[in-house]
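*Asks:* Quick one, what's the 3D model for this:
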Amino acid sequence: MSTTDQLLTIDEVAEWLRISKTGVRRLVDRREIRHLRVGRQIRFMRRDIADYLAAQVVEPLNLGEELLRAGIGLD
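*Replies:* Numbering: from 1, shown residues only. Next up is the predicted model:
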């Protein structure tokens, strides 16, 4: 198993994302984050967590360009 396929626990994901274990469980319950069930245990593939993080990136809004596109001047 490569390092990108490494399985992580809820504790490890919580530490990586710097959120509580409850926060990770909420993401799982809402199916916002890919996970595996191994019996009654929940595990995560490292690459899936990296993909989740990448999908959460919010690009900065360049307000000047947006206003020009909308036809609103900054005068």
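*Asks:* next helix or strand past the longest strand seen in the chain?
*Replies:* Using DSSP state E to define each element, the chain has its longest strand at strand 41-45. As assigned by DSSP states H and E, the chain's next helix or strand after strand 41-45 is helix 46-55.
*Asks:* for that next one, the distance to its chain's centre please.
*Replies:* 6 Å (Cα atoms, centre = their mean, to the nearest Å).
*Asks:* Run the angle between it and strand 41-45 for me.
*Replies:* 70 degrees (axes from the mean of the first three to the mean of the last three Cα atoms, to 10 degrees).
*Asks:* in helix 46-55, what's buried?
*Replies:* For helix 46-55, a neighbour-count test (16 or more other Cβ atoms under 10 Å) marks 46, 48-49, 52 as buried. Using the backbone N, CA and C atoms, a C-beta is placed for each residue, glycine as well.
*Asks:* swap in stretch 31-46?
*Replies:* 33, 35, 42, 44-46.
*Asks:* So for it, first residue to last residue, what's the gap.
*Replies:* 17 Å (Cα to Cα, to the nearest Å).
*Asks:* Please list the outside residues in contact with that stretch.
*Replies:* Under the criterion Cβ atoms under 8 Å, 6 or more residues apart in numbering, residues 3-10, 12-13, 24, 27-28, 48-49, 51-52 lie in contact with stretch 31-46.
*Asks:* and that stretch, what's its mean pLDDT?
*Replies:* Across stretch 31-46, pLDDT averages out at 97.
*Asks:* How far off centre is that stretch?
*Replies:* 14 Å.
*Asks:* And the pLDDT at the closest residue to Ile49 other than its chain neighbours?
*Replies:* Excluding its sequence neighbours, the residue lying closest to Ile49 (Cβ to Cβ, 6 or more residues apart in numbering) is Val13, at 5.9 Å. As predicted, Val13 sits at a pLDDT of 98.
*Asks:* Can you tell me how far Val13 is from Gly71?
*Replies:* 45 Å (Cβ to Cβ, to the nearest Å).
*Asks:* The two: which has the busier surroundings?
*Replies:* Val13 (24 against 6; other Cβ atoms under 10 Å).
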